[in-house]
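A.B. asks: Task: produce atomic coordinates for the following.
(chains A and B)
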Amino acid sequence: MSTKTVIPIGPYHPLQEEPELFKLYCEGEIVKDIEWETGYNHRGIEKINESKTFDQVFFVVERICGICSTSHPFAFANAMEEIAQTEIPDRAKYIRTIIGELERLHSHLLWVGLAGHFLGYNTVFMWAWKYREIILDLFERITGNRNNYAMFMIGGVRRDIPNSSVNDIRKILDTLKPKADLLTGAVMDDPVIHARTKNVGILTKEDIINYGAVGPTARASGIPIDVRKDDPYAAYPLVNWKVITSEGCDVFAKAEVRLLEIYESISIIEQCLTKMEHLKEGDIVAAVKNIPEGMGFGRAEAPRGEVFHFVKSDGSNSPVRHKIRAPSYVNIATFKKSCIGQTIADATIILAAVDPCYCCTERMAFAYNYYTRIKIMNGLDMIRLSHQKTNDLKMSM
Amino acid sequence: MVNINYKILPEILKLNFNSDIQRIIVQQRKRLVINIRKEALLEIANYFLDELSYRFIITTAMLSDKGLVIIYHFSDDRNGYIINLLTELDESKPEIESLANLINAANWIEREIHELFGIKFTNHPNLTKLISDGNWKDNEYPYARKREEEI
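C.D. replies: Numbers count the residues shown, from 1 in each chain, chains lettered A, B, ... in the order given. Next up, the predicted model:
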């Protein structure tokens, strides 16, 4: 009889930040099945919003996620403006786009850093997070906050980006480009990273369609879906950019897509700054008198994929129903396909590859024998296992 | 892969499903809300997923003035349409066919709606609790309360 061991990762993810629990069912070193449990931090935000006014909902949805804190207000604003049938001023469109893309930059850098750490490349981790600070400082300068920028409102944005600061923002972005080159070069050319991530955690096109996966997870499997292109909003149809895809389907492809998207984001921001300069300062909000009865379907492309907000209003000042679908909800479910048949050491990077969006900084993980209930491994051990595999590869090359 | 403009889609749907379609509202910005008969859900969803290659976004359950309503959101990523299949459920015995066997993306959200609204999805492969396992009474559905009951 073979001994099947259950390795629970959680109730807090060892390195990422949400309370959740993965149960890996292993035979020897191979993952045979995976289960997921969540709800440790279910805040009932959809229900809370029914008792908030539309203006207050922005502040609640901004706090759904600490990393992509603009994507939810973005999708909610799109839904509300659909109900109110409002066209926002051009300057507000550019500012929204700039904030959205800056967020994508810092989120992708954060992921690259984490992925590096998972693989035992702490230099990549330190670099990526250091370069991310440049973006956060820029956010602080534009919005007053490093996170939770509170920039969105129905009909436009709350704060203007003065034309006098455009040149400074450009200079800051210019300093980021060589650093992105450095990082991309380090990841793309390293034979050990290739060995650890290529042909690992494969998600075929069929898997992506069946699980409804979105964002870089889908684009890394050759499916060119991107809400910014498919259902254009804000200033995305007004600037030139392309959707990055890869046919690799593995963890490496997901890294490649994210790294190349960094360049697209920089280009989008630069174009927006140039176009915004020619518009009148201060014209950033369209007056919305009331929200009529109706249904709004808003979406936005967050760094992790499509965020979907459904709002039903009845003519009062708060929603009757507000449904939120974050991209990780569909992306996490693909673990069922990508982890099976892989080793435990690889499972750590596969679980991180879809960039699951979490909201807590607690860390805890155990591995225990299914029959004896004796703890055999914890979260740090698992990361150590991953590091060891990288080191073994380095030695053998 | 069939690619149909959303403006002529209502005609085609009426042609294909006739009595199963009760009402179609064409909203601004490429949005369609289609009221369907509950029994025809599987067939119509299959038409969107298989023949038109739409992507399943999510399912929403909601208590509206008409009672318990369930909405299935689909996306046409080639054209940016969002198609919504809306159907009303019997509040005393809310039950509807599960889409989980048709598309895996519907699995989790149906489990979530089951525990929050008490809607039973027939033929679901694993209709257990997703988010409140062990933390909430079995026959109490937190999102299915009406506003006046909460106060």
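A.B. asks: now the residue nearest to B:Leu130 when sequence neighbours are not counted, what's its secondary structure?
C.D. replies: In this structure, B:Leu130 finds its nearest non-sequential neighbour in B:Arg111, 4.1 Å apart by Cβ to Cβ, 6 or more residues apart in numbering or on different chains. No exception for glycine: its C-beta is placed from N, CA and C like everyone else's. Of the three states, B:Arg111 takes helix under DSSP: H, G, I helix; E, B strand; the rest coil.
A.B. asks: in terms of contact, does B:Arg111 touch B:Thr128 like I think?
C.D. replies: Yes - using Cβ atoms under 8 Å, B:Arg111 is in contact with B:Thr128, at 6.4 Å.
A.B. asks: Mind checking which of those two has more residues around it?
C.D. replies: Higher neighbour count among B:Arg111 and B:Thr128: B:Arg111, with 20 against 9, using other Cβ atoms under 10 Å in any protein chain shown.
A.B. asks: Now for the more buried one: which residues touch it?
C.D. replies: Counting by Cβ atoms under 8 Å, 6 or more residues apart in numbering or on different chains, B:Arg111 touches B:124, B:126-130.
A.B. asks: And B:Ile57, which helix or strand is it part of?
C.D. replies: According to DSSP states H and E, B:Ile57 maps onto strand B:55-64.
A.B. asks: Pull up the pairing partners for that strand, direction included.
C.D. replies: When pairs are called by DSSP bridges, strand B:55-64 turns out to pair with strand B:67-76 (antiparallel).
A.B. asks: close to chain A, is whatever helix or strand comes next after the strand it pairs with?
C.D. replies: Later in the chain than strand B:67-76, the nearest helix or strand by DSSP H and E is strand B:81-88. Yes - Strand B:81-88 lies within reach of chain A by Cβ under 8 Å from any Cβ of the partner chain, at B:81-82, B:84.
A.B. asks: Most neighbours among the residues you listed, which one is it?
C.D. replies: The most crowded member of the residues of strand B:81-88 next to chain A, judged by other Cβ under 10 Å, is B:Ile82 (24 neighbours).
A.B. asks: Can you give me every residue that contacts the residue nearest to that residue when sequence neighbours are not counted?
C.D. replies: Distance criterion Cβ to Cβ, 6+ apart; nearest residue to B:Ile82, sequence neighbours excluded, is A:Phe297 at 4.7 Å. Shown in contact with A:Phe297 (Cβ under 8 Å, 6+ apart): A:79, A:82, A:308-310, B:31, B:73, B:82, B:84.
A.B. asks: got a pLDDT number for A:Phe297?
C.D. replies: The per-residue pLDDT reported for A:Phe297 equals 94.
A.B. asks: That one belongs to a helix, doesn't it?
C.D. replies: No - counting by three-state DSSP, one finds A:Phe297 to be strand, located in no helix.
A.B. asks: On the strand side of things, show who it bridges to.
C.D. replies: Residues in beta-bridge contact with A:Phe297 (DSSP bridges): A:Phe310.
A.B. asks: try B:Thr60
C.D. replies: B:Ile71.
A.B. asks: my guess is A:His387 meets A:Gly120, correct?
C.D. replies: Yes - with contacts counted by Cβ under 8 Å, A:His387 reaches A:Gly120, the gap being 3.6 Å.
A.B. asks: hmm, back to that, so for the strand holding B:Ile57, what's the average pLDDT?
C.D. replies: 92.
A.B. asks: Give the buried residues for stretch A:387-397.
C.D. replies: A:387, A:389-390, A:393 (16 or more other Cβ atoms under 10 Å in any protein chain shown).
A.B. asks: So which residues make contact with that stretch?
C.D. replies: Contacts of stretch A:387-397 (Cβ under 8 Å, 6+ apart): A:119-121, A:191-192, A:195-196, A:343, A:345-346.
A.B. asks: Need the buried ones from these selected in PyMOL.
C.D. replies: Entered in PyMOL, the line below selects the buried ones among the contacts of stretch A:387-397, by 16+ other Cβ under 10 Å:
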select buried, chain A and resi 119+120+121+192+195+196+343+345+346
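A.B. asks: Out of the contacts of stretch A:387-397, which is nearest to chain B?
C.D. replies: Closest approach between those and chain B, by Cβ to the nearest Cβ: A:Asp346, at 22.5 Å.
A.B. asks: what's near enough to touch the closest residue in space to the closest one that isn't next to it in sequence?
C.D. replies: Counting by Cβ to Cβ, 6+ apart, the nearest residue to A:Asp346 once its immediate chain neighbours are dropped is A:Val200, at 5.2 Å. A:Val200 makes contact with A:250-252, A:342, A:346, A:349-350 under the criterion Cβ under 8 Å, 6+ apart.
A.B. asks: quick one: which two of those residues are the most distant?
C.D. replies: Using Cβ to Cβ, the two most remote members of these are A:Phe252 and A:Gln342, lying 14.1 Å apart.
A.B. asks: quick one: the strands in the stretch 251-397 of chain A?
C.D. replies: Here the stretch 251-397 of chain A has its strands, by DSSP state E, counting those that start in this stretch, at A:293-302, A:305-314, A:321-325, A:364-368, A:375-378.
A.B. asks: residues from chain B in reach of chain A?
C.D. replies: Checking chain B against chain A by Cβ under 8 Å from any Cβ, the hits are B:27-31, B:33, B:55-58, B:60, B:62-65, B:71, B:73, B:75, B:77-82, B:84, B:103-105, B:107-109, B:130-133, B:135, B:142-143, B:147.
A.B. asks: Separate out the buried members of those.
C.D. replies: Buried residues within these, defined by neighbour count using 16+ other Cβ under 10 Å: B:27, B:29-31, B:33, B:55-58, B:60, B:62-63, B:71, B:73, B:75, B:77, B:80-82, B:84, B:103-105, B:107-109, B:130-131, B:143.
A.B. asks: Which residue comes closest to residue 32 once chain neighbours are left out?
C.D. replies: In the absence of a named chain, this looks at chain A. A:Tyr25 (5.0 Å).
A.B. asks: ah, I was thinking of chain B
C.D. replies: B:Ile83 is the one closest to B:Leu32 (Cβ to Cβ, 6+ apart), at 4.9 Å.
A.B. asks: what does A:Val124 give?
C.D. replies: A:Gly116 (2.9 Å).
A.B. asks: That neighbour touches A:Ala128, doesn't it?
C.D. replies: Yes - counting by Cβ under 8 Å, A:Gly116 touches A:Ala128, with 6.5 Å between them.
A.B. asks: Centroid-nearest residue for chain B?
C.D. replies: The geometric centre of chain B, computed from its C-alpha atoms, lies nearest to B:Tyr72 (Cα atoms, centre = their mean), at 2.7 Å.
A.B. asks: Okay, and the beta partners of the nearest residue to that one once chain neighbours are set aside?
C.D. replies: Excluding the flanking residues, the one nearest B:Tyr72 by Cβ to Cβ, 6+ apart is B:Leu85, at 4.3 Å. B:Leu85 has these beta-bridge partners by DSSP bridges: B:Ile34, B:Tyr72.
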